[in-house]
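A.B. asks: Structure of the sequence below:
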Amino acid sequence: MRFRLGKGPPELIVPREVLADSAAQEIMRAWVANGGLVCSLRPTTWDDAGNWGIALADLARHVANAVHEHRGDDPTATIKRIQELFNAELDSPTDSPSGYFPPDE
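C.D. replies: Here you go, the predicted model:
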């Protein structure tokens, strides 16, 4: 059974590769709630915070591939659009991060 938040779609599945790797770590969860992005993340995942850039680039490629499978959109065009909006958001933020990050348990 998959967990369901309210009336929305069920929680995303955990990939098989994660279930098969005893050293796997969850590093981030994200939702769209109240008109914005809400996330929970583990900022201490890497000693070099720059590695989040690699993770975000990998995530963009996963999104582009998923959109291609779902709608047939060209992955290269999708990545280009993601880059455009990513850079625009960094240059002129539409929101400010808030909240706190409790220490790892």
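
A.B. asks: Could you pull up the residues touching residue 52?
C.D. replies: The neighbourhood of residue 52, defined by Cβ atoms under 8 Å, 6 or more residues apart in numbering, consists of 45-46. C-beta coordinates here come from the backbone N, C-alpha and C atoms, glycine included.

A.B. asks: can you give me the mean pLDDT across the longest helix seen in the chain?
C.D. replies: Ranked by number of residues, the top helix in the chain under DSSP state H is helix 51-71. Average pLDDT, helix 51-71: 97.

A.B. asks: from the chain's centre, how far out does that helix sit?
C.D. replies: Distance of helix 51-71 from its chain centroid, counting by Cα atoms, centre = their mean, to the nearest Å, is 9 Å.

A.B. asks: Buried residues in that helix, which are they?
C.D. replies: Within helix 51-71, the residues that qualify as buried are 52, 60, 64, 67, counting by 16 or more other Cβ atoms under 10 Å.

A.B. asks: can you put those in a markdown table and add distance to residue 86?
C.D. replies: Output for these, formatted as a markdown table (distance: Cβ to Cβ, whole Å):
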| residue | distance to residue 86 |
| --- | --- |
| 52 | 13 |
| 60 | 8 |
| 64 | 13 |
| 67 | 15 |
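
A.B. asks: Low-confidence bits of the protein, can you list those?
C.D. replies: Judged against pLDDT under 70, the low-scoring parts of the chain cover residues 1-8, 103-105.
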